[in-house]
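>>> no FASTA, just this:
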């Protein structure tokens, strides 16, 4: 008698919990008056980012995020939006990474990034049957409010050099990953006020142009979400895109056209806040899984 594929069969309990979590996420956003939408996954252009490599699909690209399409809907007058979708990023494979993974993104017009922190707290409260979960032998306390720590404060407390020195040496990501993140603890924490050089599509903080209204959420040592108050100035956004695309070409990466329809629609986009949350990593926490492989049905290597 042929034995079942135990590598796949062993994931069944985790996949049942995954289904529960995805259903609970949908219920949370519907209850909070968000409209669930679906946007195309093959697109003419992604937002150019030095650290993210999009994958080609014929003459188009697989999306690295649904953000451009969702913001165009905000610009067209839509209210609160959310989407659970697949995204693709080249060269990403590791214990916490897959080249194809699931993102939850949601957007609030007329809001800033602080409102998204409250959303995160409330969402996790609803997903957890109690105020604590166990992950890799440690108890994670989900009671709110969760602490907030600026990037500058984090570098002052945990890094071997200042934030400005790390940026000047082009070592921000290296030091953040190796020195800062391991010291953030197990419980949820918002790392806020990212330097302006790393604003991406985020609005700079009024009164302090040295930093952006951006945060990342860490739980259990995992980066779970990235959020910001949206930049709505098309001229500034084009300037940033051009700078990022120049950096990509200098690094020997393939050229990518700018997302012109997005830049056009940005003219009418209201103030808003948006966030991308890694669903697979969230499920890792709730299933006490050490690797992302344990919470997806089939990994690339199992195809």
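The structure has been received and is ready for your questions. Bear in mind the structure is a predicted one, so any value in this text is a computation, not a measurement. Numbering: from 1, shown residues only.

>>> now the helices for the stretch 201-303 of the chain?
All helices of the stretch 201-303 of the chain, identified by DSSP state H, counting those that start in this stretch, fall at 234-250, 260-265, 279-286.

>>> residue 107: which of these is closest?
Among the helices of the stretch 201-303 of the chain, the nearest to residue 107 by C-beta to C-beta is helix 260-265 (13.6 Å). From N, CA and C alone the C-beta is placed, and that goes for glycine too.

>>> so for the closest one, mean pLDDT?
For helix 260-265, mean pLDDT is 98.

>>> just to revisit the earlier point, nearest to residue 222, out of the helices of the stretch 201-303 of the chain?
helix 279-286 (5.0 Å).

>>> returning to what we had before: I'd like to know which of the helices of the stretch 201-303 of the chain is closest to residue 134.
Closest among the helices of the stretch 201-303 of the chain, once you apply C-beta to C-beta, is helix 279-286, at 9.7 Å.

>>> do you know the pLDDT at residue 291?
pLDDT at residue 291 comes out at 98.

>>> tell me how many other residues crowd it.
13 (other C-beta atoms under 10 Å).

>>> give me every residue that touches the residue lying closest to it once chain neighbours are set aside.
Closest residue in space to residue 291, ignoring its immediate chain neighbours: residue 95 at 4.9 Å, by C-beta to C-beta, 6 or more residues apart in numbering. Residue 95 is in contact with 290-292, counting by C-beta atoms under 8 Å, 6 or more residues apart in numbering.

>>> save the helices of the stretch 201-303 of the chain as a markdown table, and put in distance to residue 8 too.
Formatted as a markdown table, the helices of the stretch 201-303 of the chain follow (distance: least, C-beta to C-beta, whole Å):
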| stretch | distance to residue 8 |
| --- | --- |
| helix 234-250 | 37 |
| helix 260-265 | 39 |
| helix 279-286 | 17 |
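
>>> residue 283 touches residue 293, doesn't it?
No: at 11.8 Å, residue 283 and residue 293 do not qualify as touching, with contact defined as C-beta atoms under 8 Å.

>>> please say which of those two ends up with more neighbours.
Each of residue 283 and residue 293 has its neighbours counted (other C-beta under 10 Å); residue 283 has more, 24 against 18.

>>> how much space separates the closest residue to that one other than its chain neighbours from residue 64?
Sequence neighbours aside, residue 295 is the residue nearest to residue 283 in space, at 4.3 Å (criterion: C-beta to C-beta, 6+ apart). As for residue 295, its distance to residue 64 is 21 Å (criterion: C-beta to C-beta, to the nearest Å).
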